[in-house]
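Visitor: Sequence and predicted model, in that order:
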Amino acid sequence: MGVSYTASVAGMRAFQALHLVRTDNIWIGIGRQSPWNETDTVPEVSGSSLLNEPIGYKKAEKVRFVIPDPEGDIIQFDQRWKIISEEEAVSGLVRWVYVAAWITGTELPAVSYRQSAIVTDLQLAETTLPGKLAVTAEEVSSHGYALVVNNRSPIHRTEDQREYLEFIVEF
């Protein structure tokens, strides 16, 4: 009997990235108002992490393929990235996607939060007006799937604040 090996390959990762870029239902969520523990020490994210205590969601404004580039204008953790076209990404089997959105003023509640996440397949409640680009947890009937979760020290939002949340997702 012969030997057989199976593994995901670059095409699988590129396909997953392409699916994310082509999906219209991508949101950035914020959550977790309560302290992590007695000292509010930020825990590591694990494969089973979820967006805890959802506060609200902002529709992603940018969902684009990116590649590492020393001249790129997107900076994440001391690495530079450049946005590329879908055609370039498909031909190069690119597996990185940039997801970003602005949260401004009173779009979402002015509270402290400790988590942010990329969420897909969010379903709005029947009473939520269609076309809203920012929704509170109460305006959602299904919180969908968290694809990426970021645990952090508290961010204190105020009504006159604007913040840019951005992620690089690697498949």
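Guide: Right, received. Where do you want to start? Residues are numbered from 1 along each chain as shown.

Visitor: can you give me the strands for this structure?
Guide: Taking DSSP state E as the criterion, the chain carries its strands at 26-31, 54-59, 62-68, 74-76, 79-83, 96-104, 112-120, 123-124, 134-136, 140-142, 145-156, 162-170.

Visitor: Dump the C-alpha coordinates for the last one into CSV.
Guide: When you say that, I think you mean strand 162-170. Taking Å, rounded to 0.1, in the frame of the first residue of the first chain, the C-alpha atoms of strand 162-170 are listed here in CSV:
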residue,chain,number,x,y,z
ARG,A,162,-12.0,59.4,16.1
GLU,A,163,-10.1,56.2,15.9
TYR,A,164,-8.8,54.1,13.0
LEU,A,165,-8.9,50.3,13.6
GLU,A,166,-6.8,48.2,11.2
PHE,A,167,-5.7,44.7,10.8
ILE,A,168,-3.5,42.6,8.5
VAL,A,169,-5.0,39.1,8.2
GLU,A,170,-2.6,36.4,7.1
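
Visitor: quick one: contacts for residue 80?
Guide: 68, 69, 70, 71, 72, 73, 74 (CB atoms under 8 Å, 6 or more residues apart in numbering). Where C-beta positions appear, they are placed from N, C-alpha and C, glycine not excepted.

Visitor: now do 10 Å
Guide: For residue 80, the residues meeting the contact criterion (CB atoms under 10 Å, 6 or more residues apart in numbering) are 66, 68, 69, 70, 71, 72, 73, 74.

Visitor: Let's see if you can find the most crowded of the residues you listed.
Guide: residue 66 (24 neighbours; other CB atoms under 10 Å).

Visitor: now that one: how far from residue 55?
Guide: Separation of residue 66 from residue 55 (CB to CB, to the nearest Å): 27 Å.

Visitor: still on that earlier bit, so for residue 42, which of the strands of the chain sits nearest?
Guide: strand 145-156 (5.1 Å; CB to CB).

Visitor: Would you mind stating the distance between the spatially closest residue to residue 75 that is not a sequence neighbour and residue 46?
Guide: Using CB to CB, 6 or more residues apart in numbering and skipping residues adjacent in sequence, the residue nearest residue 75 is residue 81, 7.6 Å away. Distance, residue 81 to residue 46, using CB to CB: 25 Å.

Visitor: Equivalent analysis for residue 12, please.
Guide: Applying CB to CB, the value for residue 12 to residue 46 is 23 Å.

Visitor: who's more crowded, the two?
Guide: A direct count of neighbours by other CB under 10 Å for residue 12 and residue 46 places residue 12 higher, at 13 against 8.
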